[in-house]
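# Provide a 3D model corresponding to the input given below.
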Amino acid sequence: MSSHVSPHILQRLAQSAERLAYSADWQPTQRGDSEMRIARDGRWFYQGSEIARPALVQLFSRLLRREGEQYFLVTPVEKLSIEVEDAPFVSVSLTVEGEGSAQQVYVTTNLGDSLVIGPQHPLRVKTDPDSQEPAPYVSIGDDLAVLLQRSDFYALVEYGVEQTQNAKQVLGVWSQGEFYLLGEL
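Here you go, the predicted model:
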């Protein structure tokens with residue numbers, strides 16, 4: 001197991017991402033540290049400097065895998081750890097169409113991907129036990145998630161409806177016929 005990464009890691013990873021369709025079956029033997037970090041606000045860094053080219057970030061995001069609490073950039077030959085401060089992706093906008101149980105909530109990520117909250121991309125809200133501050137996440141599959149930025153969460157709350165669940169008053173939002181809990185009232 002090698003912990004040394006060549007100085008051309010960014011170029012090599014970019015070329016791999018361009019050529020390859022991701023496969024969850026890849027089990028590379030070479031391992032190391034990518035020296036990359038994804039900040040809580042969705043910005044990507046390499047050796048402390050922000051990666052300014054969105055196309056590079058797009059490419060690297062295709063190689064991202066989560067195993068337990070750790071994140072990796074994985075190619076057929078390399079598996080490199082990457083630090084993720086919270087979630088690897090963040091929302092940049094939220095759009096709501098329709099109303100009631102027929103309502104659909106669309107989320108656009110910092111990488112320009114759009115998804116609709118629903119059975120394939122469920123919403124969950126994790127509450128910090130100390131501050132009681134909510135942290136809303138939308139699953140994008142493969143144990144990866146999009147963190148809803150605060151303004152998008154507040155916009156979502158505007159579309160919230162009250163319901164009684166387990167003898168408690170809760171606030172939630174409908175999307176694709178599913179009710180997603182935002183919090184207790």
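# What's the mean pLDDT across stretch 68-81?
Stretch 68-81 carries an average pLDDT of 93.
# now it, how far from the centre of its chain.
Remark: stretch 68-81 is offset 16 Å from the chain centroid, using Cα atoms, centre = their mean, to the nearest Å.
# buried sites along that stretch?
Y71, F72, L73, V74, T75, E78, K79, L80, S81 (16 or more other Cβ atoms under 10 Å). The C-beta positions use only the backbone N, C-alpha and C, and glycine is treated the same way.
# ditto for stretch 46-65
In stretch 46-65, counting by 16+ other Cβ under 10 Å, buried: Y46, I51, L56, V57, L59, F60, S61, L63, L64, R65.
# What is the nearest of those to S114?
S61 (14.6 Å; Cβ to Cβ).
# Surely I82 and Y71 touch.
Yes - I82 lies in contact with Y71 (Cβ atoms under 8 Å); the separation is 4.9 Å.
# Touching both of the two, which residues are there?
Residues touching both I82 and Y71 (Cβ atoms under 8 Å, 6 or more residues apart in numbering) are I38, L64.
# Point out where this structure drops to low pLDDT.
1-24 (pLDDT under 70).
# Break it down into its domains, please.
For the chain, the structural domains run 9-84, 89-184, going by automatic domain parsing.
# how far is stretch 27-43 from where the chain is centred?
With Cα atoms, centre = their mean, you get 14 Å for stretch 27-43.
# Residues in contact with it: which ones?
Taking Cβ under 8 Å, 6+ apart as the rule, stretch 27-43 contacts 1-5, 9, 13, 44-47, 50-51, 60, 71, 73-86, 88-90, 109-110, 147.
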